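**Student:** just a sequence and a predicted model for now, questions to come.
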Amino acid sequence: MGVERTFVMVKPDGVARGLVGEVISRFEKKGLRIIALKMLRMSREQAEELYSVHRGKPFYNSLVDFVTSGPVVVMILEGESAIDVVRIMIGPTDGRKAPPGTIRGDFALSIQENIVHASDSPESYKREHVIFFPDVE
């Protein structure tokens, strides 16, 4: 696969619970490098663009409402097979089913409030990171 970049967001529940440092620490300990990082309050427009692939699904509006409910931390990580590595580290979307040792398995009990979002493909990364980091790359 080679060195690649991925977009990661610590969601409002992760920020509110003080898990930002823990999440970042796990990625750094794995050997991923932070290329860009910032805390912000996501606009509704940014949230709608980020989750545009889910537009029309029953959970779309509540997901947009949730991610705009408080501050988030967005970042771009770089490393060998970064997208796959991060997806394995965060675990399945449903925190109740995520294995211990994954971020969601250790900290989440919900599908929506599951601590973190991460790009699931190179195409998702290309679409997602420019919403928050238009000048990167």
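**Tutor:** Now that the structure is in, tell me what you want to look at. Residues are numbered from 1 along each chain as shown.

**Student:** which SS class is residue 114?
**Tutor:** The three-state label given to residue 114 by DSSP: H, G, I helix; E, B strand; the rest coil is coil.

**Student:** how near is it to residue 80?
**Tutor:** Noted for residue 114: a distance of 25 Å to residue 80, by CB to CB, to the nearest Å. From N, CA and C alone the C-beta is placed, and that goes for glycine too.

**Student:** same check on residue 105?
**Tutor:** Distance from residue 105 to residue 80, by CB to CB: 23 Å.

**Student:** who's more crowded, the two?
**Tutor:** The neighbour comparison of residue 105 against residue 80 (other CB atoms under 10 Å) goes to residue 105, with 16 against 13.

**Student:** what about the closest residue to the more buried one other than its chain neighbours, neighbour count?
**Tutor:** Sequence neighbours aside, residue 98 is the residue nearest to residue 105 in space, at 3.6 Å (criterion: CB to CB, 6 or more residues apart in numbering). Using other CB under 10 Å, the number of residues around residue 98 comes to 21.

**Student:** so where is this protein shaky, pLDDT-wise?
**Tutor:** Across the chain, residues meeting the criterion (pLDDT under 70) sit at 1, 137.

**Student:** ok, which stretches of it are helices?
**Tutor:** Using DSSP state H, the helices of the chain run over 12-16, 20-30, 44-50, 60-67, 82-90, 103-107, 122-132.

**Student:** so which residue is dead centre in the chain?
**Tutor:** When the chain is reduced to its mean C-alpha position, the nearest residue by CA atoms, centre = their mean turns out to be residue 117, at 2.3 Å.
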